[in-house]
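S.K.: build me a model from this:
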Amino acid sequence: MTGIRGSILLVVVSGVLFGTAGTAKALGPAGVPPIAAGVLRIQIGAIALLATMPLLGARRGRLPVLWRRPQILVTAVAAALYQPFFFGAVSSVGVALGTLVAVGSEPVFAGLLGWVALRHRPTLGWLAATAIAVVGLALRSSGQVASGGDTGGLLLALGAGLASACYTVAAKHQLDRDATAIEVPTASFVLGGLLLAPLLIGQPMGWLATPGGASVVLYLGVATMAIANVLLAHGIHGLPPGPAATLMLTDPVVATLLGVVVLGESLSPVAALGVALVLAGLVLQGIVVARSDPGDLEPAPVL
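M.R.: Presented below is the predicted three-dimensional model:
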């Protein structure tokens, strides 16, 4: 049981770090291109992980072996796509709504993909927790959508949620095989950063030479990519993809609170109720997983 609770805690803490990404970007210099921020985020995360691999007992020589696996190619492409999708959504529809839709859609995608790809059958507990959270997300976002929310921005946020779910499921497969929690994100971000490198061509980069710009991208890369994803990998190693993704709803809760407190974004009573429901779904999922028999978390055959 201690192992399960430890996994829950690691996923929740990683969600807290992820939830600071949109606010950190918003606090950076004005005019930072979303694409540039996303590409540099994954590249700095990759550099940080490469530098620390030996300190964590991992070998860089394992990376070429991992890059030959289809699942690592999926994690790399998914991590790469998530960056422009997420930051594009945040720039279009705001930090709170962009993060809520992106991360809020991930549990549904992850649960379905985990069922199909890893044979993790969805449980009633997961369905109930996710349903409560989805209702909360609908309440949270309804006012902003009705008042002129950008449809393209919402689609970008959904794309980010799907990319994140693909990453989670493919990473879970490799963690259950023989890859470690440091190897999976490192292999994914190095390759994903290379795939995104051409997008930096033609991007304005003068902001990067300012103290504020450099600080923001360092924080995004080290805290919200390197550290957060290593914690996440350790956590999902002991949890099914669906419940793990539901626990990641710590991310939009934190993002919403930061959006209101730090950025001055408004929150209506209905939206506040929505956030409370998201939090309730997160707590319910944590309780359900913590009380589960470890054997129940293993993949169940699909009939």
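S.K.: pLDDT below threshold where in the stretch 201-303 of the chain?
M.R.: 292-303 (pLDDT under 70).
S.K.: the helices in it, which residues?
M.R.: 211-221, 228-236, 241-247, 250-261, 269-290 (DSSP state H, counting those that start in this stretch).
S.K.: contacts for the longest one, please.
M.R.: Under the contact criterion C-beta atoms under 8 Å, 6 or more residues apart in numbering, helix 269-290 has outside partners 1, 4-5, 8, 12, 100, 104, 123, 125-126, 128-144, 239, 243, 246-247, 249-250, 252-253, 256, 267, 297. In this view, the C-beta of every residue, glycine as well, is placed from N, C-alpha and C.
S.K.: again, but for the shortest one
M.R.: The set of residues that contact helix 241-247 without belonging to it, under C-beta under 8 Å, 6+ apart, is 7-8, 11-12, 15, 106-107, 109-111, 113-115, 118, 120, 122-123, 125-126, 129-130, 133, 164-165, 168-169, 172, 232, 235-236, 239, 281-282, 285-286, 288-289.
S.K.: the fourth one too?
M.R.: For helix 250-261, the surrounding residues in contact (C-beta under 8 Å, 6+ apart) are 11-12, 15-16, 18-23, 94-96, 99-100, 102-104, 137, 140, 265-267, 275, 278-279, 282.
S.K.: so where does the residue most central in space within the chain fall, helix or strand?
M.R.: The centroid of the chain falls nearest to residue 164 when counting by C-alpha atoms, centre = their mean (5.6 Å). For residue 164, the enclosing helix or strand under DSSP states H and E is helix 151-177.
S.K.: out of the contacts of helix 269-290, which end up buried?
M.R.: 4, 8, 12, 100, 104, 123, 125-126, 129-130, 132-137, 139-141, 143-144, 239, 243, 246-247, 249-250, 252-253, 256, 267, 297 (16 or more other C-beta atoms under 10 Å).
S.K.: can you give me the helices in the stretch 51-200 of the chain?
M.R.: Going by DSSP H, counting those that start in this stretch, the stretch 51-200 of the chain shows helices at 63-67, 70-93, 95-118, 124-146, 151-177, 183-196.
S.K.: before we move on, the earlier item: ChimeraX command for the buried members of the contacts of helix 250-261?
M.R.: Selecting the buried subset of the contacts of helix 250-261 in ChimeraX, with 16+ other C-beta under 10 Å as the burial test, is done by:
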select :11,12,15,18,19,20,21,22,23,94,95,96,99,100,102,103,104,137,140,265,267,275,278,279,282
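S.K.: which residues sit against stretch 153-170?
M.R.: Contacts of stretch 153-170 (C-beta under 8 Å, 6+ apart): 71-72, 74-75, 77-79, 81-82, 85-86, 88-89, 91-93, 97-99, 101-107, 109-110, 113-114, 117-118, 145, 188, 232, 236, 241, 244-245.
S.K.: PyMOL command to pick out the buried ones of those?
M.R.: Per 16+ other C-beta under 10 Å, the buried members of these correspond to this PyMOL selection:
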select buried, resi 71+72+74+75+77+78+79+81+82+85+86+88+89+91+92+93+97+98+99+101+102+103+104+105+106+107+109+110+113+114+117+118+188+232+236+241+244+245
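S.K.: gap between residue 28 and residue 36?
M.R.: 11 Å (C-beta to C-beta, to the nearest Å).
S.K.: repeat for residue 182
M.R.: With C-beta to C-beta as the criterion, residue 182 and residue 36 are 27 Å apart.
S.K.: do residue 134 as well
M.R.: Residue 134 is 32 Å from residue 36, by C-beta to C-beta.
S.K.: same check, this time on residue 259
M.R.: Counting by C-beta to C-beta - residue 259 and residue 36 are separated by 22 Å.
S.K.: before we move on, what about residue 108?
M.R.: Look at residue 108 and residue 36: by C-beta to C-beta, they are 30 Å apart.
S.K.: do the same with residue 111
M.R.: 33 Å.
S.K.: give me the more crowded residue out of the two.
M.R.: Using other C-beta atoms under 10 Å as the criterion, residue 111 and residue 36 rank with residue 111 on top: 26 against 22.
S.K.: residue ranges with poor pLDDT in the stretch 51-200 of the chain?
M.R.: Looking along the stretch 51-200 of the chain with the criterion set at pLDDT under 70, you get 95-96, 141-149.
S.K.: switch the cut-off to 50
M.R.: 146, 148 (pLDDT under 50).
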